[in-house]
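Visitor: any chance you can model this:
(4 chains)
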Number of protein chains: 2
Amino acid sequence: MKISELSAATDVSVATLKYYLREGLLPPGEPLTRTSAAYGEGHVERIRLIRALTSVGGLSVATTRRVLEVIAQPGTGRVDVLGAAQRALLGEEFVSDPPCADGAGPTSRARTWLADQGWQVHPLDPVIDDLDAAWEACEAAGLGLDEERMTAYAHGVLQIARTDVESVPQDPAGAVRQVVLGTVLVDPVLTPLRRLAQQHLTVSEGG
Amino acid sequence: MKISELSAATDVSVATLKYYLREGLLPPGEPLTRTSAAYGEGHVERIRLIRALTSVGGLSVATTRRVLEVIAQPGTGRVDVLGAAQRALLGEEFVSDPPCADGAGPTSRARTWLADQGWQVHPLDPVIDDLDAAWEACEAAGLGLDEERMTAYAHGVLQIARTDVESVPQDPAGAVRQVVLGTVLVDPVLTPLRRLAQQHLTVSEGG
DNA sequence: CCGAAGTGGATAGTGACGCTCTCCAGTATT
DNA sequence: AATACTGGAGAGCGTCACTATCCACTTCGG
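Guide: Below you'll find the model as predicted:
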């Protein structure tokens, strides 16, 4: 398959494919002559994956490259799948056993609330900071989001997460793929789903 | 309050405040002389709101302006709150009772599934197209997301939406505000919450 | 065997976006 | 009188995801 055919098969312009090749998102094709290379079905799949991650998942090209690397790496054990996924999505590495021995560690509303919930999460996971920032933003915007309502949200989210975890396959490579893609691509599914659910409830309860 | 004090009170640079004024995100201050105006506490709140919507909610300046307009408008009745919110978040208006009388209307996987669920939603709501696109992207990326799993997600989301709907206040203006801000600002709360829930489940179930 | 078309490769340009900088004449303060 | 600050407006900047142009070099149809 030549690059023009690859372009036709994926609806992505040749210029963009060249860009993806340059950026290392797409592996080079099998060189046939000095001015042509052969691309295979794997390239088509990979391009579909790239488009899903960037357009729907909203990932930047740099993040997409990191995610693709994580999926491709065969080494990751099933245990650290979640960590690997989240590290790939973050800009920089986050040490899972940090050297900072400053006793108490950071305290925040989210951390306190998580402890109250009895959730076993890494206390230094940066995703907690994201939660903190989002929660704080709600307060700053005048949206009263108290602990009670947060706990109500947590119940719904827990059910979603249970579904996520249950659908992870047994084989390591598939597990990594499922977790990474699920982390990125399911959020854009849940967002419209939530709005439709709100609509359904409002309509069926008679406004 | 002069603009420099407003800047100090909100940690937003004077240049950026001027930009917000120019873009119509921030109403002009009460003119005192020809070269100075007074800003009040309302401006401080509004700036906090703008920052929450743009930085955490990820809204563009144009969308933020539309959202702010919807919140400010006193006319919206409690019934159409959801529609008003979603219209504000979309780029263009969407007619709630469209003139297209082409019989069947569009069919898609999401629409069929929604019908199976018995969800009462507007069949032409563009948010369904978002769901379709996200679902399709999951498939394109090789993430097997079947109807069963989608229904499992729907149960969790429904619980979340129930919490949303219950926390909407009675007074019309407050309702609009709550719904609009909830639509935009709660998503960034749910995203890290979901990841933490996954982590909790994986850890507590022994990986 | 010739010329048009296509290829990999590199460099530069584009348009959108959210600021940020610079300048201005006109107050306000010291 | 000198300095600082104001509202207002235009232009510039850095990032990002492409996109367009140019190049020397095959490949293919006639």
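Visitor: okay, A:Thr112: pLDDT?
Guide: As predicted, A:Thr112 sits at a pLDDT of 96.
Visitor: residues of the strand or helix carrying A:Leu32 that come out buried?
Guide: Using DSSP states H and E, the element containing A:Leu32 is strand A:30-33. Residues of strand A:30-33 include none that count as buried (16 or more other CB atoms under 10 Å in any protein chain shown). C-beta: built from backbone N, CA, C; applies to glycine.
Visitor: packing partners of that strand?
Guide: Applying 3 or more CB pairs under 8 Å, 6 or more residues apart in numbering or on different chains; DSSP states H and E, one finds that strand A:30-33 contacts strand A:36-38.
Visitor: just how off-centre is the strand it packs on within its chain?
Guide: 33 Å (CA atoms, centre = their mean, to the nearest Å).
Visitor: does it come close to DNA strand C?
Guide: Yes - interface with DNA strand C: strand A:36-38 contributes A:36-37 (CB under 7 Å from any atom of the strand).
Visitor: and after the least confident helix or strand in chain A by mean pLDDT, which helix or strand comes next?
Guide: Ranked by mean pLDDT, DSSP states H and E, the weakest helix or strand in chain A is helix A:81-89, scoring a mean of 70. For helix A:81-89, the following helix or strand on the C-terminal side (DSSP H and E) is helix A:109-117.
Visitor: DNA strand D contacts on chain A?
Guide: So far as CB under 7 Å from any atom of the strand goes, chain A lies against DNA strand D at A:13, A:15-16, A:18-19, A:32-36, A:54, A:60-62.
Visitor: residue nearest the centroid of chain A?
Guide: Compute the mean C-alpha point of chain A, and by CA atoms, centre = their mean the closest residue is A:Val184, 2.7 Å away.
Visitor: please name the nearest non-neighbouring residue to it.
Guide: Once flanking residues are discounted, A:Val184 sits nearest to A:Gly57: 4.2 Å by CB to CB, 6 or more residues apart in numbering or on different chains.
Visitor: what's around A:Glu166, how many residues?
Guide: 10 (other CB atoms under 10 Å in any protein chain shown).
Visitor: backbone torsions only: list them for it.
Guide: Here is the backbone geometry of A:Glu166 (degrees, to the nearest 10): phi -60, psi -30.
Visitor: over to the one 3 residues further on?
Guide: Dihedral angles phi and psi of A:Pro169 (degrees, to the nearest 10) take the values phi -70, psi 170.
Visitor: surely A:Val12 touches A:Arg51?
Guide: Yes - if you go by CB atoms under 8 Å, A:Val12 and A:Arg51 touch, sitting 7.0 Å apart.
Visitor: quick check: the residue of chain A nearest DNA strand D.
Guide: Chain A approaches DNA strand D most closely through A:Thr33 (2.5 Å), counting by CB to the nearest atom of the strand.
Visitor: which residues does that residue bridge with?
Guide: A:Ser36 (DSSP bridges).
Visitor: outline the domain layout of chain A.
Guide: A:1-47, A:57-93+A:104-204 (automatic domain parsing).
Visitor: quickly compare those and say which is most buried.
Guide: Neighbour counts (mean count of other CB atoms under 10 Å in any protein chain shown) averaged over each of these peak at domain A:57-93+A:104-204, with a mean of 18.
Visitor: show me which residues of chain A sit near DNA strand C.
Guide: So chain A meets DNA strand C at A:2-5, A:14, A:18, A:21-22, A:28-29, A:31, A:35-37, A:39 (CB under 7 Å from any atom of the strand).
Visitor: give me that answer again for 6 Å
Guide: Residues of chain A lying near DNA strand C by CB under 6 Å from any atom of the strand: A:2-4, A:14, A:18, A:28-29, A:35-37.
Visitor: lowest-confidence one in these?
Guide: Minimum pLDDT across the residues of chain A next to DNA strand C falls on A:Thr35, with 85.
Visitor: report the contact partners of that one.
Guide: By CB atoms under 8 Å, 6 or more residues apart in numbering or on different chains, A:Thr35 lies in contact with nothing.
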